[in-house]
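Participant: Can you look at this prediction? I've put the sequence above it.
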Protein chains: 2
Amino acid sequence: MASPSPSQPRVTLPAVASEIHTAVADLVARDGQRYTPVRRALVEELEDTDQPLTIPELLTRRPGMAQSSAYRNLSVLESAGVVTRIVVGADEHARYELSEDLTEHHHHHLICEQCGTVDDFTVPPEVEDLVDRALGRAARRNRFLVTSHRLDLVGICARCR
Amino acid sequence: MASPSPSQPRVTLPAVASEIHTAVADLVARDGQRYTPVRRALVEELEDTDQPLTIPELLTRRPGMAQSSAYRNLSVLESAGVVTRIVVGADEHARYELSEDLTEHHHHHLICEQCGTVDDFTVPPEVEDLVDRALGRAARRNRFLVTSHRLDLVGICARCR
DNA sequence: ATTTATGCAAATCGTTTGCAAACCT
DNA sequence: AGGTTTGCAAACGATTTGCATAAAT
């Protein structure tokens, strides 16, 4: 996922490797919480992958971690704005990824209905802008206060075809 | 049937009242299933509302219906392409609405994170086309076979503001 | 008569929570 | 010490399923 930056990382971006932990620590502190080892481990795992992960997947990668700790701390991280929870189906495991605020990478999801994995994709900024404006108008027309939007594709991924 | 209903329905809509049942019966039969009273009742309730409903909501409207029948038959109706299931959050009830093929009304959702209700909205056809093309390109680039897309807004609805 | 649908109650499964021990400051 | 986090096991809640009865073909 991470496109190799040609030279210097832009200083304005908060999201480069270990810098993420600083930003996360800040977000967590701002929420009156601590950045504990379990929370750090969760963030590290989410940082190391390019797809949103389920809790079972996270537990596989961190064999020592208790299931309840994963649930509890992902919930803390979510309300601190560190991670985003993605709900695909009612019966499947939810998935978590680092929030767009941290990664500075606005994207959407390719949801595979066969294997359940979720991949990221982006659309050109012009499309994104047009969609945003259209959604803004629709929201205004409905007196709806927008928190976020989701634009996902559901289908069969390359690996499952 | 032929006599005008007390409250005038809009004549321009392709899918009017009883016509839906014919179409549903067809879809259900095509799937090798029967159009039973419970299934008909579910379709009638979904026809009578403008928002996707949860199973508890449906059961309230049809006090005689068994919960398991609602779950089982909505699942049948879903795989016959009659209804669409909308999953909002992992812990909330899923919601059901008549499929767009039946209503001929392509739309998106305003999901209220406060009260959980879901309303429909539409965007102009030009936007819809542009989004479709952009999504098509993104899918092709990822060798992803698209089944459907979802473009929803999450936030606070007019009633909850 | 055979197949399919229904209703009830029990089972399933992702997720949450109570509680006691471990941790941090 | 005082408050928080952790791990375990039990609880929860939406959804599914086994089974016996009712309905449809």
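Facilitator: It's in.

Participant: which helices and strands does the host helix or strand of residue A:28 pack with?
Facilitator: Assessed by DSSP states H and E, residue A:28 sits inside helix A:19-30. Here helix A:19-30 touches helix A:37-47, helix A:67-79, helix A:100-103, going by 3 or more Cβ pairs under 8 Å, 6 or more residues apart in numbering or on different chains; DSSP states H and E. Glycine gets a C-beta too; all of them are placed from N, C-alpha and C.

Participant: Tell me how far the biggest strand by length in chain A lies from the chain's centre.
Facilitator: Of all the elements of type strand in chain A, the one with the most residues (DSSP state E) is strand A:145-156. Chain-centre distance of strand A:145-156: 13 Å, with Cα atoms, centre = their mean, to the nearest Å.

Participant: still on that earlier bit, out of the helices and strands packed on helix A:19-30, flag the one nearest chain B.
Facilitator: Distances from chain B to each of the helices and strands packed on helix A:19-30 were compared using Cβ to the nearest Cβ; the minimum, 11.0 Å, belongs to helix A:67-79.

Participant: dump the residue contacts of the residue lying closest to residue A:100 once chain neighbours are set aside.
Facilitator: The shortest distance from residue A:100 to any non-neighbouring residue, by Cβ to Cβ, 6 or more residues apart in numbering or on different chains, is to residue A:106 (5.5 Å). By Cβ atoms under 8 Å, 6 or more residues apart in numbering or on different chains, the residues touching residue A:106 are A:100, A:122, A:128.

Participant: From those, list the ones also adjacent to DNA strand D.
Facilitator: Among the contacts of residue A:106, no residue lies close to DNA strand D (Cβ under 7 Å from any atom of the strand).

Participant: Quick check: buried residues in the helix holding residue A:28?
Facilitator: Going by neighbour count (16 or more other Cβ atoms under 10 Å in any protein chain shown), the buried part of helix A:19-30 is A:20, A:23-25, A:27-28.

Participant: okay if I get the contacts of residue A:106 as a markdown table plus neighbour count and pLDDT?
Facilitator: Formatted as a markdown table, these follow (neighbours: other Cβ atoms under 10 Å in any protein chain shown; pLDDT from 0 to 100):
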| residue | neighbour count | pLDDT |
| --- | --- | --- |
| A:100 | 14 | 94 |
| A:122 | 13 | 94 |
| A:128 | 15 | 93 |
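
Participant: any idea how far residue A:128 lies from DNA strand D?
Facilitator: 32 Å (Cβ to the nearest atom of the strand, to the nearest Å).

Participant: and what of residue A:151?
Facilitator: For residue A:151, the distance to DNA strand D - Cβ to the nearest atom of the strand - is 23 Å.

Participant: Same check on residue A:86?
Facilitator: According to Cβ to the nearest atom of the strand, residue A:86 stands 17 Å off from DNA strand D.

Participant: Just give the number of residues close to that residue.
Facilitator: 18 (other Cβ atoms under 10 Å in any protein chain shown).

Participant: okay but it is in contact with residue A:109, surely?
Facilitator: Yes - applying Cβ atoms under 8 Å as the test, residue A:86 and residue A:109 come out as touching, 6.7 Å apart.

Participant: gap between the helix holding residue A:28 and the chain center?
Facilitator: 15 Å.

Participant: CA atoms of that helix as CSV?
Facilitator: Provided in CSV are the C-alpha atoms of helix A:19-30 (Å, rounded to 0.1, in the frame of the first residue of the first chain):
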residue,chain,number,x,y,z
GLU,A,19,5.8,9.0,13.8
ILE,A,20,2.5,7.2,13.9
HIS,A,21,3.0,6.2,17.5
THR,A,22,3.5,9.8,18.5
ALA,A,23,0.3,10.8,16.7
VAL,A,24,-1.5,7.9,18.3
ALA,A,25,-0.2,8.7,21.7
ASP,A,26,-1.5,12.2,21.3
LEU,A,27,-4.9,11.1,20.2
VAL,A,28,-5.2,8.6,23.0
ALA,A,29,-4.0,11.1,25.6
ARG,A,30,-6.5,13.7,24.2
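
Participant: does DNA strand C sit close to it?
Facilitator: No - Helix A:19-30 lies apart from DNA strand C when judged by Cβ under 7 Å from any atom of the strand; the minimum separation is 11.0 Å.

Participant: got the domain boundaries for chain A?
Facilitator: Listed domain ranges for chain A are A:10-104, A:106-161 (source: automatic domain parsing).

Participant: shared neighbours, residue A:86 and residue A:109?
Facilitator: Joint contacts of residue A:86 and residue A:109 (Cβ under 8 Å, 6+ apart) are A:52, A:118.
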